[in-house]
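1. Curious how this folds, go ahead:
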Amino acid sequence: MADENAPRTTFLTVAEVADMLRVSRMTVYRWVHAGDMPAVRFGRSFRVPQAAVDEFMQQAQLTGGIQTEDDDRSAGAVG
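-> You can find the predicted model right below:
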């Protein structure tokens with residue numbers, strides 16, 4: 001039996017994470033498959049805990065951005 005006083009984990013779809021971070025869904029899938037962003041598999045789809053997205057963004061802020069595979073620039077960088 002689950003503890004009713006325990007905090008509930010909110011899960012987001014890959015599309016929701018992509019919209020929040022303003023990246024493509026494929027980028028989120030790459031992060032998940034690389035182990036950079038934790039996710040849970042439900043059938044054929046993935047769900048990402050909200051706390052994992054928050055932590056991912058905090059780490060990106062501390063390191064000055066998120067390195068993408070597509071180029072040598074950090075996500076969010078201008079130019």
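2. next one: phi and psi at the residue nearest to residue 50 when sequence neighbours are not counted?
-> Distances taken as CB to CB, 6 or more residues apart in numbering place residue 10 nearest to residue 50, at 4.1 Å, with adjacent residues excluded. Quick note: C-beta positions are derived from backbone N, CA and C, even for glycine. Phi and psi for residue 10, reported as degrees, to the nearest 10, are phi -90, psi 130.
3. Residue 10 touches residue 52, doesn't it?
-> No: using CB atoms under 8 Å, residue 10 makes no contact with residue 52, being 10.4 Å away.
4. Same drill for these two, tell me which one is more crowded.
-> residue 52 (19 against 11; other CB atoms under 10 Å).
5. Tell me the spacing between the more buried one and residue 15.
-> 16 Å (CB to CB, to the nearest Å).
6. cool, residue 49 as well?
-> For residue 49, the distance to residue 15 - CB to CB - is 16 Å.
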